[in-house]
Each structure stands twice: as C-alpha cells, then as structure tokens.
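>>> below is the sequence, then the predicted model.
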Amino acid sequence: QPMCRQEPPPRRVLVVGAGIAGALTAIGILDELERLEAHTTSTRIEVDVVEEAAGPGHGASFGGASLMLFDNIHKTPLTLLSAALQGVVRPAHGSRLRHWLRFLLLGVRLATSRLRKLAVGLPAAAPLSKADCREALSAVLARHGERLGPHVHRGALFVVRSARLWDELRRAQPGGGYELLDAAAARALEPSLALEEPLLGAALSRRDGWCDCEALLPALAALATERGASFEYGVRVERLRAAGGAVACSLRRGGGAGAGGEAGGAVEREYDAAVVCSGAVLDELLPGACVRGVAGFSLRTPSGKAPPAPPPRLALVFPEQAMFCRPEASGGYRVGGLMSLDPAAVESRAFNPRALAHFRRTALGAALASSEHVAWTGVRPVAAETPIARRLALRGRVWGNGAYGGNGFVWAWGASERVAREVVAALLGKEGGG
C-alpha cells in the first residue's frame, strides 16, 4: 500500500486584543496566507484572538472618536500649538504647574524609552505613512467591501473659527485634498453649525471620514471568524515568555470555560508567534515598547438646538481645540480628543470647565450639560515612534501593533497589514531579514 503523506501541524498565532488592530491583524494573516497558497505554500495557520473585555472593541478608548483623518488638515503649526495649550484637559482640582510637569516627564520618558530600545539593538521600524494606511483601507474594502463598506463613511468637515487658521488653510490649499467653504456654505452643509459664532468657514475633505465603530468592530470579528480565526472573550493574557522555539503565554479567565473548554483560572498555551494589539496591556506584555501615560474622556451629546444633517453625515473636527465629533444614529455625536496626563481624572471624571468653553458655544456643545460623559477604559500607551508595528521581543516571535494615540482608525489599517505580512513571512521562512 502507498504510504499516506502526513500533513505538517498548523502554525499557531496568538493575537492579543479584539479591537480594530486585533481583528485586522487576524484578517490580514489569513488573507496573506490565502494569497500565498495560490502560488507557493500549503502551510496552515490557525489564529486565536484573545480579548479581556466582553466583546469586540469593548476596550476602545474613543480618543479620536473613530475618525479617519489621513491628510493631517488639522495639524498646522497653529493648531498643534493651540491643542497643546487648550486641548489637553486637566482635572478640575489639578494645578497648571503639575499638569505641565507631567507633560515634561512624559516627554523625558518617551525619549529614554527610545534610547533604551536603540541600546539593546532592536531594529528600526520602516516608516509607515498615513497615505500607506489609506491604501491599506482601500485594499481591505476592495476584498471585503460588501461586509465592511456600510460601516465606513467618507467626509469630514474641519470647522475654522480663527482668521490665522483660515489663512493657513487657504495658503496650503493647492493639492491639499480639501475644499474651502465659507460660513454660509458650511452651515448649509451641516445644520448643527447654525449657531456657531464666530465661524469663518470650513475645510471639506472627502478623503477623510469616520467609522461606525459599534457596527464595524463586530463586523470585523465576524469576518475574521468566517475566515477561520477563533475569538475568546473574558480572557486576560498575563505573560508572554520564550519556550524553546515557541511563545508560551499565561492566560487567566474571568469566568467559566471558553472556546477551548478549560475551566476558569490559569491556562498555559504555546504559539509559534504572538501579536499584541491591545493598548491596555501593550506596555505590560512588551516592557519598554511604549510609555503608559495618557488618559481621558469622550462624550456623547444629542444634536443640540439644530437638526442633524441628512445622510450622508460628516465627521466634524474643531482643529484648534483638537476635538473630534463622530455622527451617531441618534442624531447626536460622539466627541473625542479630551485628554489628561493625570490617570486620577478617569476615576474622578473631573473636567476643567474652561477647557470645554469653546465647544459649549456650538450647537453641539449646547447640550453638553446633559450629555453622557464616557470615561476611557484605562490609561493608554504612547510611543516615541507612532505607531508601533514591528517585531519586538522573544527571539523575534512577538510583534507589537499599537500605541496609535488618537489615530487608531487611521494607523490600524496600515500597521495591521504590515504586521500580518511579517508574521506570515516569518512562519513560512520567507522573510528577508530581521
């Protein structure tokens, strides 16, 4: 009898976090493997996605209100300075001196973390631009647009209140990818700006946009599951360590048995590779990769005194105050961009009222007194190089994918595509080098 050819065991990859980075990484690994299978390989890869929260995206910080701002229209020299002075929300009980000392300390920690990584010889990451991320988004929608397209929306309106910013945008307009609208045109396009004074106009970008996060993330998880990934919720990854040629991970369940059937408590598993995509634990599982130091709030507000614009609705950006507003099905907005360097602010939910004064003068902000204050889910990591999207630890078998700041729904598309390709290349032995 002819001998049966025995297939090699599948390679196993652990993805930590089921937010946009984790789901896109899982989909990217399986898409890349499918692309290579058509040409050169029959290797199988199994992807396990582990999430401490109860569902996909439940740990999202909403720092940027799930806006996709690829063109940096809001990052002129004036807006960067203004955001540094106004957009960082201090606790009401905190002093100005203490706030800026924390800001200085955070900068020192970022610089020393960068030097520490260079000292131990970690390879430098190739540059990743927002244009790369926009192309990655287009590629994902080209493959899976029927499932994901309804939750991704184009169009952002950058509200301009100062003459200096208006002049900056007007000078930079050729090739800037946006259209300048006067005040009347801006109000006609977005009725919630009807009460906005002063209002010089707005910059309309059709290349930027926003995601319906609450719908997109479950859709990404469902798509990854259909592609072959498995998801487990209520499971915390406590430690990653080298185990011969594998990555050993210590898991702890918050409740009963999961997909693998293990009882609650500690679980040990081994994988061929791991990708840490959860900002809440990035600095814990990969020490030195980033600095933990930014916390804050987002808001949900009703539409205020003006009716919402008819579909398709636009994201609103207040560049000088670094505030980002995403439309919601209720007719209101999710408002992000409120930061604090004091983690106690999350617990106390203490705002500095003056920091929101500019926003309260808008039709959106008129309803903030009765709006829902939503605390971020924890202190978020920041990094000297943003984002982190490269191999970092344990003999080249662990990747970091995170530290996006307030641009998670921008960087995640490109960073996840890059990490997915590197992971597959490493597992198939086809990489070009470390």
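Yep, it's here.

>>> surely G22 meets V15?
Yes. Between G22 and V15 there is a contact under Cβ atoms under 8 Å: 5.0 Å. From N, CA and C alone the C-beta is placed, and that goes for glycine too.

>>> which neighbours do those two share?
Listed as contacting both G22 and V15 by Cβ atoms under 8 Å, 6 or more residues apart in numbering are 49, 275, 277.

>>> now for the first one: which residues touch it?
Shown here is V49, whose contacts under the criterion Cβ under 8 Å, 6+ apart are 15, 17-18, 22-23, 26, 221, 224, 229-232.

>>> mind giving me the PyMOL command for buried ones among these?
A single PyMOL command selects the buried members of the contacts of V49 (16 or more other Cβ atoms under 10 Å):
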select buried, resi 15+17+18+22+23+26+221+224+229+231+232
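
>>> could you dump the contacts of V49 to TSV with distance to S416?
Putting those into TSV (distance: Cβ to Cβ, whole Å) gives the following:
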residue	distance to S416
V15	10
G17	11
A18	13
G22	8
A23	8
A26	9
A221	14
A224	11
A229	13
S230	18
F231	16
E232	19
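
>>> how about the contacts of V49, which pair is most distant?
G17 and S230 (14.3 Å; Cβ to Cβ).

>>> just say helix, strand or coil for the residue nearest to A202 when sequence neighbours are not counted.
On the basis of Cβ to Cβ, 6 or more residues apart in numbering, the spatially nearest residue to A202 that is not a chain neighbour turns out to be A186, at 3.9 Å. Here A186 is helix, with the state taken from DSSP: H, G, I helix; E, B strand; the rest coil.

>>> check A186 and give its pLDDT.
pLDDT recorded at A186 is 91.

>>> that one and S192 touch, don't they?
No. Contact criterion Cβ under 8 Å: A186 and S192 do not qualify, at 10.6 Å.

>>> how close does R239 get to V317?
Distance, R239 to V317, using Cβ to Cβ, to the nearest Å: 40 Å.

>>> neighbour count winner among the two?
V317 (28 against 12; other Cβ atoms under 10 Å).

>>> name the helix or strand for that one, please.
Counting by DSSP states H and E, the element that carries V317 is strand 315-318.

>>> list the helices and strands that strand packs on?
Judged by 3 or more Cβ pairs under 8 Å, 6 or more residues apart in numbering; DSSP states H and E, the packing partners of strand 315-318 are strand 152-160, strand 201-211, strand 323-327.

>>> and A186 and S192? which has more neighbours close in?
Taking neighbours as other Cβ under 10 Å, A186 and S192 compare with S192 leading, 26 against 22.

>>> do you know how far the more buried one is from C325?
Using Cβ to Cβ, S192 is found at 9 Å from C325.

>>> what of G245?
49 Å.

>>> V13 now?
For V13, the distance to C325 (Cβ to Cβ) stands at 37 Å.

>>> over to R239?
Distance of R239 to C325, given as Cβ to Cβ: 39 Å.

>>> can you check G209 too?
Distance, G209 to C325, using Cβ to Cβ: 13 Å.

>>> more neighbours: which of these two?
Neighbour count, other Cβ under 10 Å: between G209 and C325, C325 has more, with 29 against 21.

>>> who touches both of G209 and C325?
Common contacts of G209 and C325 (Cβ under 8 Å, 6+ apart): A315.

>>> do a quick rundown of the strands in the stretch 201-350 of the chain.
For the stretch 201-350 of the chain, the strands defined by DSSP state E, counting those that start in this stretch occupy 201-211, 230-233, 235-243, 246-253, 266-271, 273-276, 291-301, 315-318, 323-327, 333-340.

>>> what helices or strands is the first one leaning on?
What that stands for is strand 201-211. Counting contacts by 3+ Cβ pairs under 8 Å, 6+ apart, strand 201-211 is packed against strand 67-68, strand 152-160, strand 179-182, helix 183-189, strand 315-318, strand 323-327.

>>> how does it look with 7 Å?
Packing partners of strand 201-211 (3 or more Cβ pairs under 7 Å, 6 or more residues apart in numbering; DSSP states H and E): strand 67-68, strand 152-160, strand 179-182, helix 183-189.

>>> so, low pLDDT: which residues of the stretch 101-250 of the chain?
Low-confidence segments of the stretch 101-250 of the chain (pLDDT under 70): 101-126, 173-176, 195-197.
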